[in-house]
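[1] the following comprises the amino acid sequence and a computationally predicted model.
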Amino acid sequence: MSLLEKLDAAASARIAQLPSGLGAFGIPIEEIYSPTEARIGTKRILLLGTNNYLGLSFSPECRKAAHEAIDQEGTGTTGSRMANGNYSGHRALEMEFADFYQCRSCIVFTTGYQANLGTISGLIGPGDVALIDGDSHASIYDGCVLSGADIIRFRHNDVIDLEKRLRRLGERSKNTLIIVEGIYSMLGDQAPLADIVRLKKAYNSTLLLDEAHSLGVLGETGQGLAEKYGLIGEVDFITGTFSKSLCGIGGYCVSNHPQLDQLRYVSHPYIFTASPSPATIAATRAALKLLKNGRELRERLWENARQLYSHLQALGYQVSPEPGPIVATILDSPQQALALWKGLLENGIYVNLILPPAAPEGKSLVRCSVNAAHTTKQIEYVCEVFSRLYSSIIQ
Amino acid sequence: MVDINQEDILRLLAQRLASFANPELEITPDTNLITQLAIDSIKLLNLIMELEDHFDISIPLNALTDVVTVRDLANLVYKLKLDSK
């Protein structure tokens, strides 16, 4: 099979899952009106499938900061941090993140994907071991592949399984990087962090926690899962993204280990890419201030999350293992998931459709993401539509 | 002394892989995991975890890059089991 024929085969497999004319993946959003509303085609729709957890995408503070940065510093840096793209704003944001986590230092990356790629591939290499949760995000898998380390999976959120694999590694556990996520993106469940920290200490391993979906969402000040359990000081490296609660694009790694700064000299995803634009950095700095002081936003977010979760559960939908901003409904077949996704869109609600093999355990998901800007009325409308669709699609 | 041989591993693999395959397909050591069994990446990764537990070994995912057939996978498991002794 030629290179291009391989791509054709991949495309036809995807098309085979969907009826002709219905493009569930990469659906174009024509206009955005607010953190909760947009236009798809000619229809005004309710956004229930974004990662805009605190609803900050239209915040006046962030927009103003971005405008001013463009006026003062231009549209792009045109170079990498190591060469000609290291601006004062990048360094300031790194200091603000380090201060936020009360950590020794921080490195800012151009995307969240690169934060994992760059941190993981800089920390481990051939001969080392990456011990990763089976439901890890692709950026974690790709970072491990780039590192050249041996990649071992443990069963999702299963600490007994994790310990079994650590024990099996013997002396190699000392050269092992355990990687978990604060909130997992598919089902919205949280890592059992206290048990994982206990194991990483017992086996002298190193722990990396990706707070991509939990930043702004968990913990008193929104630091994430580690803050929720008072374990910030026990986690060796925390990575995260600007593209969800902070409504920008970029990523970070914070740590108390002085060696973190050495990553700048060995991490290709940090070295060989242009630095984030001034507007991105300025908006992210403004968003981080709002996130730190965003207790009311978090409360509102969790009220919405609990309302939707409990309602869908009461209707009889099989939902995520625990309530949270990501509320996934788990369907028996791709056809059922597609019908539910289509029914929601026809009723003006945009959610995410996830089909095998992207979803865990070969499941099909219709994934909703609530945010702090959703009104009670909007959530009630979503619940009403799910209720109507249950009888026609699920029963 | 190693208490398993490649034939034992091949037999076990054939049994496990039969649950993924078309019942009419005869699984042999030369069966291609991807093109003939059409085993998707998630199923393959889950099978690897089962094999790790059954044989009490670690099978790094990066060691799978050269695995094409059932025999390749059996050889890899056998080698890792030998190395773990």
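    Received the coordinates, thanks. Residues are numbered from 1 along each chain as shown, chains lettered A, B, ... in the order given.
[2] quick check: nearest residue in space to A:P276, chain neighbours excluded?
    Closest residue to A:P276 apart from its sequence neighbours, by Cβ to Cβ, 6 or more residues apart in numbering or on different chains: A:G250 at 4.7 Å. All C-beta atoms are positioned from the backbone trio N, CA, C, and that covers glycine.
[3] roughly how far does the one you found sit from A:A212?
    Per Cβ to Cβ, to the nearest Å, A:G250 is found 12 Å from A:A212.
[4] cool, and A:T241?
    Taking Cβ to Cβ, one finds A:T241 at 5 Å from A:A212.
[5] list the buried ones in the lengthiest helix in chain A?
    Scanning chain A for the helix with the most residues, using DSSP state H, yields helix A:295-315. Going by neighbour count (16 or more other Cβ atoms under 10 Å in any protein chain shown), the buried part of helix A:295-315 is A:297-298, A:300-302, A:304-305, A:307-309, A:311-312, A:315.
[6] with stretch A:188-201 instead?
    Quick answer for stretch A:188-201 (16+ other Cβ under 10 Å): A:188-193, A:196-197, A:199-200.
[7] what sits in contact with each of A:G250 and A:A212?
    A:112, A:241 (Cβ atoms under 8 Å, 6 or more residues apart in numbering or on different chains).
[8] how about the residue nearest to A:P276, what does it touch?
    A:108-112, A:115, A:241-243, A:276, A:280-281, A:284.
[9] is it true that A:I179 lies in a strand?
    Yes - under DSSP: H, G, I helix; E, B strand; the rest coil, A:I179 sits within a strand.
[10] tell me how many other residues crowd it.
    Counted with other Cβ atoms under 10 Å in any protein chain shown, the neighbours of A:I179 add up to 28.
[11] for it, what are its contacts?
    Neighbouring residues of A:I179 by Cβ under 8 Å, 6+ apart: A:120, A:130-133, A:136, A:140, A:144, A:207-208, A:210.
[12] partner residues bridging it?
    A:I132, A:L208 (DSSP bridges).
[13] measure it to A:I120 for me?
    A:I179 is 7 Å from A:I120, by Cβ to Cβ.
[14] overlap in contacts, the two.
    By Cβ under 8 Å, 6+ apart, the residues touching both A:I179 and A:I120 are A:130, A:140, A:144, A:208.
[15] hmm, back to that, and the angle from the helix or strand following the longest helix of chain A to helix A:295-315?
    Sequence order places strand A:326-331 as the next helix or strand after helix A:295-315, per DSSP states H and E. If you take axes from the mean of the first three to the mean of the last three Cα atoms, to 10 degrees, strand A:326-331 sits at 10 degrees to helix A:295-315.
[16] low-confidence stretches in chain B?
    For chain B, residues meeting the criterion pLDDT under 70 lie at B:1-3.
[17] centre-most residue in it?
    The centroid of chain B falls nearest to B:L73 when counting by Cα atoms, centre = their mean (4.1 Å).
[18] so how far is A:W302 from the closest residue to chain A within chain B?
    Using Cβ to the nearest Cβ, B:P60 is the residue of chain B that sits closest to chain A, at 3.5 Å. Distance from B:P60 to A:W302, counting by Cβ to Cβ: 40 Å.
[19] also A:R295?
    11 Å.
[20] A:G251 too?
    Counting by Cβ to Cβ, the gap from A:G251 to A:W302 is 25 Å.
[21] what does chain B put close to chain A?
    B:40-43, B:45-46, B:48-49, B:52-53, B:56-63 (Cβ under 8 Å from any Cβ of the partner chain).
[22] list the contacts for A:Q336?
    A:364, A:393-394.
[23] who are the contact partners of A:Q262?
    A:G122.
[24] and it, what pLDDT?
    Among the per-residue scores, A:Q262 holds a pLDDT of 97.
[25] that one should be in a helix, yeah?
    Yes - A:Q262 sits within a helix when classified using three-state DSSP.
[26] give me the low-pLDDT residue ranges for the stretch 1-150 of chain A?
    A:12-24.
[27] please list the residues of it that sit near chain B.
    Neighbours of chain B within the stretch 1-150 of chain A, by Cβ under 8 Å from any Cβ: A:129, A:134, A:144-145, A:148-150.
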